[in-house]
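[1] need the 3D shape of this:
(4 chains, ligands or ions: 4)
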2 protein chains.
Amino acid sequence: MQPDAIKRCLAGSGLRSTPQRYAVMAFLMKQAGHPTAVEIFEAVNRVDPRSSRATIYNNLRDLVHAGLVREVAVEGRAARFDAKGMRHHHFICDRCGNVEDVDWYDVPRPAAASLGRRVLRECELIFRGLCTRCAPRRVSR
Amino acid sequence: MQPDAIKRCLAGSGLRSTPQRYAVMAFLMKQAGHPTAVEIFEAVNRVDPRSSRATIYNNLRDLVHAGLVREVAVEGRAARFDAKGMRHHHFICDRCGNVEDVDWYDVPRPAAASLGRRVLRECELIFRGLCTRCAPRRVSR
DNA sequence: TGAACAGATTAGATTATATCTAATATGAAA
DNA sequence: TTTCATATTAGATATAATCTAATCTGTTCA
Ligand SMILES: [Mn+2]
Ligand SMILES: [Mn+2]
Ligand SMILES: [Zn+2]
Ligand SMILES: [Zn+2]
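    Ligands and ions are numbered 1, 2, ... in the order given. This next block holds a predicted model:
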């Protein structure tokens, strides 16, 4: 991803391109996993310029609000974030809390009657179980 | 729900039936919504016996672990809980964070290939948007 | 029945996560 | 360049949840 593409991406959402905000977005785009705010804070501060903790949280909030970043709440753990690239679902490990991507496939929407006057924005499918590292090793014989 | 049914339900999961644990389970079963730990704490303590905050959290953890209660993580807010009665999906309001039930319907599982060696326990469908109270009123004419 | 004891409860301290404040700095439009 | 809405910052504060270690109690079984 070119630097200019990220800047245009931010501008297109009405967000000023600051070094701190750029760093968060660039990190999330090149990152395969689902880092927490603290992990992002540490990663972007390993190179200059330095961002404060408040700025990391502010920018994550703004990027999520702009629809460029997705926030994944995990029970009992810090929230995790990913840049919204290709659509995909999430698998959350019962044991270690890791969030992993699962190939996207279309999800049937609920019947209009069961939604009532609610305004539906998105359907999100979350899988739960044991991730590759936490699953019991296959029994050898 | 009879008191004995709840007690048998706890015993069936290997959990001792204490007044505090019983109170949490009974409250969640008669409750239509999705209260937070603090709301449960306040509700069960409006009648005796008094439960401490730690006990509310301990019991919620145990009940979730036993599969009797479901925990719903909401971004930026306290976790919410419901007793697992009839299967259903959840709608989470973007604006107020309220969690509401949506009639259950079967969800297609992902292709085995995209799961790899992960062990799938459940598929959870979460709808997001604006709840009835937060949705804009229909334009009158 | 009544020990015995694994499991449960408790108050309060502590940790983890996230937001707020208000002073200062800066991106980008004109 | 100047202007100013927007962004950043350090540190305080708020909120959510867990930990600790002393005490208590439900259930089992002799
Ligand atoms: Mn993802
Ligand atoms: Mn529910
Ligand atoms: Zn795992
Ligand atoms: Zn709402």
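
[2] which residue ranges make up the domains of chain A?
    In terms of domains, chain A is parsed into A:1-84, A:86-141 (source: automatic domain parsing).

[3] is any residue of the shortest one near DNA strand D?
    No. With CB under 7 Å from any atom of the strand as the measure, domain A:86-141 is seen stopping short of DNA strand D, the closest distance being 10.9 Å. The C-beta positions use only the backbone N, C-alpha and C, and glycine is treated the same way.

[4] one more: the first one?
    Yes. Interface with DNA strand D: domain A:1-84 contributes A:15-16, A:18-21, A:49-55, A:58-59, A:62, A:76 (CB under 7 Å from any atom of the strand).

[5] ok now the host helix or strand of A:Val38, how far from the chain's centre?
    In this structure, A:Val38 sits in helix A:37-44 according to DSSP states H and E. Put simply, helix A:37-44 sits 13 Å off its chain's centre (CA atoms, centre = their mean, to the nearest Å).

[6] get me the contact residues on chain A for ligand 3.
    Neighbours of ligand 3 within chain A, by CB under 5 Å from the ion: A:93, A:95-96, A:98, A:131, A:134.

[7] tell me the secondary structure of the closest residue to A:Leu115 other than its chain neighbours, please.
    Using CB to CB, 6 or more residues apart in numbering or on different chains and skipping the chain neighbours, the partner closest in space to A:Leu115 is B:Val102 (7.1 Å). At B:Val102 the chain is in strand, as set by DSSP: H, G, I helix; E, B strand; the rest coil.

[8] quick one, what contacts B:Val102?
    Applying CB atoms under 8 Å, 6 or more residues apart in numbering or on different chains to B:Val102 gives the contacts A:110, A:114-115, B:88-91, B:127.

[9] pLDDT wise, what is it at?
    If you check B:Val102, the pLDDT there is 95.

[10] great, nothing more from me.
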